[in-house]
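Participant: give me a model of this one.
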Amino acid sequence: MSVKILYSSIVFLFLFNIVQAQKSLNGLRIKADSTIVLNQGIDPLSPARASFYSAVLPGLGQVYNKKYWKVPIVWAAIGTGIYFYDRNDKQFKRFQTAFKALKAGRPHEFDGVGDNVLISEAGLIRAQEISKENRDLSLFITIGMYALNILEANVDAHLPDKALDTSLSFKPALFIAPVSNQAMFGVSMNFNF
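Facilitator: Residues are numbered from 1 along each chain as shown. The predicted model follows:
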């Protein structure tokens, strides 16, 4: 059920952004000679600038858009990904070093001598695989957060606060499904014309 909620929320937010982007274009007026005149003082290069700034330094595009409260969120998301990448890379190198020492017949960190934990050769191989998978996943998530930072700055620059319209609203709703008589979660949308 939570996957359905996630997919529904993503689809709704996508459609909501499309509607808002269309409404922000209503402020443009096209003359007969096909030149575009900006009525609201909108800078057409601001989305590109915001994207560029976020690409150079994550969070800088949000500062450019004057959404300062988003900067710690961006830094926390990217910093968390970097932290887990580093942690998993160190784990991978520990297990790899121990495996190489085992193959060379030297003592290693996991040989079971003294206070060391005993891990077999197969266990060291599996530990390397798991650490490598986790490291790679952390890298992809970090890259995704970086790209999301750029995308968010671009979209936010496209939708200035004055372009938001109060005729469209949504709120979470809890209702009873008539067939299964179970409580369901949904979104209530209101359009005022």
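Participant: all the helices of this structure, residue numbers only.
Facilitator: Per DSSP state H, the chain carries helices over the ranges 2-25, 46-56, 60-64, 71-104, 121-158.
Participant: for Ala177, which of those is the nearest?
Facilitator: The closest of the helices of the chain to Ala177 is helix 2-25. By CB to CB, the value is 12.2 Å. Every C-beta, even on glycine, is put in place using the N, C-alpha and C of the backbone.
Participant: of all the helices of the chain, which one is nearest Phe191?
Facilitator: Set against Phe191 and scored by CB to CB, those come closest in helix 2-25, at 9.4 Å.
Participant: would you mind checking the average pLDDT for the closest one?
Facilitator: Helix 2-25 shows a mean pLDDT of 60.
Participant: just for the protein, where's the confidence low?
Facilitator: Where the chain drops to pLDDT under 70, the residues are 1-45, 114-115, 160-168, 193.
Participant: if we can go back for a sec, would CSV of the helices of the chain with distance to Gly186 be doable?
Facilitator: As requested, the helices of the chain are exported to CSV (distance: least, CB to CB, whole Å):
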stretch, distance to Gly186
helix 2-25, 8
helix 46-56, 32
helix 60-64, 31
helix 71-104, 27
helix 121-158, 25
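Participant: those: which one's closest to Gln182?
Facilitator: Gln182 sits nearest to helix 2-25 of all the helices of the chain, at 12.9 Å, using CB to CB.
Participant: same list (the helices of the chain) but as JSON lines, adding mean neighbour count.
Facilitator: Formatted as JSON lines, the helices of the chain follow (neighbours: other CB atoms under 10 Å):
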{"stretch": "helix 2-25", "mean neighbour count": "12"}
{"stretch": "helix 46-56", "mean neighbour count": "18"}
{"stretch": "helix 60-64", "mean neighbour count": "22"}
{"stretch": "helix 71-104", "mean neighbour count": "16"}
{"stretch": "helix 121-158", "mean neighbour count": "17"}
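Participant: out of these, nearest to Pro178?
Facilitator: Closest approach to Pro178 among the helices of the chain is made by helix 2-25 (17.3 Å; CB to CB).
Participant: distance check, the most centrally placed residue in the chain against Ile176.
Facilitator: The structure's the chain has its C-alpha centroid closest to Met145; by CA atoms, centre = their mean the separation is 4.3 Å. Using CB to CB, to the nearest Å, Met145 is found at 38 Å from Ile176.
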